[in-house]
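[1] Sequence plus predicted model, see below.
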Amino acid sequence: MAEPRRAPHPRNQLNELNGEEWLYFTKSVWTTAYPSELGHARRRAHGANKPPRLMARLIEFFTKPDELVLDPFAGVGGTLLGAAICHGPRRALGFELSARWAEVYAEVAAEASAAAGAGRALADLGSQDPGGPRTFDATGCELRVGDARELLRDLPDASVDFVATDPPYNVQLPMTMSGGALAEAFANRRTDYAMVTDDPADLANLANYPAFLDAMTEILAELRRVLRPGRYAALIVRDAYQDGRYLFTGADLAARAATVGLVPKGDVIWYQAGTRLRPYGYPNVFVPNITHQHLLILRRDPERRPRAGSTGARRGAGGAGAGESGRPAPSS
């Protein structure tokens, strides 16, 4: 007979995990190999689709049931599906530029809801996904079609409990093979997946990497605005290889986040077991197969009120680590 689950610490205001579960989450390298489920065959057409179980794991650490999760780049709805399979469903709001991907999410969610209504739960994966079997409840999830930069403006200040998102990829290698026999034997492109639309509002269509970082900085500022003080954002980011140079995209976005008041708190390396290897650069130069992504953990630090009786207190400008009084916020 299984031992009863230990209760969370009485001072734990962030989530419903006990000490052992909390500790397990904080490992700086994660390896995942999830089964094909929740419409994976359709969702995989979007090359940046996020495993719902991975998103559920993030959501369960950074929120409690019924709190609101935001994904401004929702794609085929991996974050929303993750919220729906949490132990204690969360509310989730997603923004997606392409109606095509929103339709895929709607179809998958409808099928999963029907399966849950028939009593079918997701399999128990043991240590790969601690917590036992999962059910599905997407009644609190909504996916809106439109430009995240516009839709974010409609959200009230400090109205979101957690942000989890996978920003659009910047331009990467247009050709992955080195030519010759390899080019004849293999598709001479980076991927068969569709991650970029023809919409000029798509960040992946920006002219260059600096423009991508500038646009993301504006969006990060909006995410900081809508986050409640003391709450977190998780950005899933893959580094890039562009014009013969490796770009540390994760580090660059973390630095930009800090300039707008989202303080970097950690970097979890997500190793995607089973990633297909391609002969980039072979046999002439070294070009890495990037088989990992960064889970950048950012926080809008709590805001301190001016001490009673103090004079001349000024309001902070929203910079990294600054509270409302302009003094450094707690570093925890």
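    Good, I have the coordinates.
[2] And the strands in the stretch 101-250 of the chain?
    In the stretch 101-250 of the chain, the segments counted as strands under DSSP state E, counting those that start in this stretch are 141-145, 160-165, 227-237, 240-242, 245-247.
[3] mean pLDDT lowest for which of the ones you listed?
    Looking over these, mean pLDDT reaches its minimum on strand 240-242, with a mean of 86.
[4] tell me what that strand is packed against?
    Under the contact criterion of 3 or more CB pairs under 8 Å, 6 or more residues apart in numbering; DSSP states H and E, strand 240-242 touches strand 245-247. No exception for glycine: its C-beta is placed from N, CA and C like everyone else's.
[5] now do 10 Å
    On a contact count with 3 or more CB pairs under 10 Å, 6 or more residues apart in numbering; DSSP states H and E, strand 240-242 meets helix 209-226, strand 245-247, helix 249-259.
[6] What pairs with it, parallel or antiparallel?
    Looking at strand 240-242 with DSSP bridges, its partner strands are strand 245-247 (antiparallel).
[7] what about the partner strand, distance to the chain center?
    Distance of strand 245-247 from the chain centroid (CA atoms, centre = their mean, to the nearest Å) equals 22 Å.
[8] what does stretch 200-211 give?
    The offset between the C-alpha centroid of stretch 200-211 and the centroid of the whole chain comes to 19 Å, using CA atoms, centre = their mean.
[9] what does stretch 139-152 give?
    15 Å.
[10] what's the spatially most central residue of the chain in contact with, if anything?
    Centroid check for the chain by CA atoms, centre = their mean gives Thr165 as the closest residue, at 2.9 Å. Shown in contact with Thr165 (CB atoms under 10 Å, 6 or more residues apart in numbering): 50, 55, 69-75, 78-79, 94-95, 148, 219, 223, 233-237.
[11] Same list (the helices and strands packed on strand 240-242) but as JSON lines, adding distance to Arg90 and mean neighbour count.
    Below are these laid out as JSON lines (distance: least, CB to CB, whole Å; neighbours: other CB atoms under 10 Å):
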{"stretch": "helix 209-226", "distance to Arg90": "16", "mean neighbour count": "18"}
{"stretch": "strand 245-247", "distance to Arg90": "33", "mean neighbour count": "13"}
{"stretch": "helix 249-259", "distance to Arg90": "23", "mean neighbour count": "19"}
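[12] State the distance from Pro229 to Gly274.
    Distance, Pro229 to Gly274, by CB to CB, to the nearest Å: 39 Å.
[13] The two: which is more packed in?
    Using other CB atoms under 10 Å as the criterion, Pro229 and Gly274 rank with Pro229 on top: 15 against 8.
[14] circling back: and of the strands of the stretch 101-250 of the chain, who's closest to Glu60?
    Closest approach to Glu60 among those (CB to CB): strand 160-165, 10.2 Å.
[15] and the angle from the closest one to helix 209-226?
    Calculated by axes from the mean of the first three to the mean of the last three CA atoms, to 10 degrees, strand 160-165 forms an angle of 160 degrees with helix 209-226.
[16] and the angle for strand 160-165 with strand 227-237?
    Between strand 160-165 and strand 227-237, the angle comes out at 10 degrees (the same axes, to 10 degrees).
[17] so how far is strand 160-165 from its chain's centroid?
    Relative to its chain's centre, strand 160-165 lies at 8 Å (CA atoms, centre = their mean).
[18] Sheet partners, orientation included, of it?
    Checking strand 160-165 against DSSP bridges gives partners strand 68-71 (parallel), strand 227-237 (parallel).
[19] okay, now Pro279: neighbour count?
    Neighbourhood size, Pro279 [other CB under 10 Å]: 15.
[20] Was I right to think His46 contacts Val104?
    Yes: contact criterion CB atoms under 10 Å: His46 and Val104 qualify, at 7.3 Å.
[21] Give me the common contacts of those two.
    Joint contacts of His46 and Val104 (CB under 10 Å, 6+ apart) are Gly75, Val76, Gly77, Glu96, Ser98.
[22] What does the pLDDT read for the second one?
    To tie it back to what came earlier, the one meant is Val76. You'll see Val76 listed with a pLDDT of 93.
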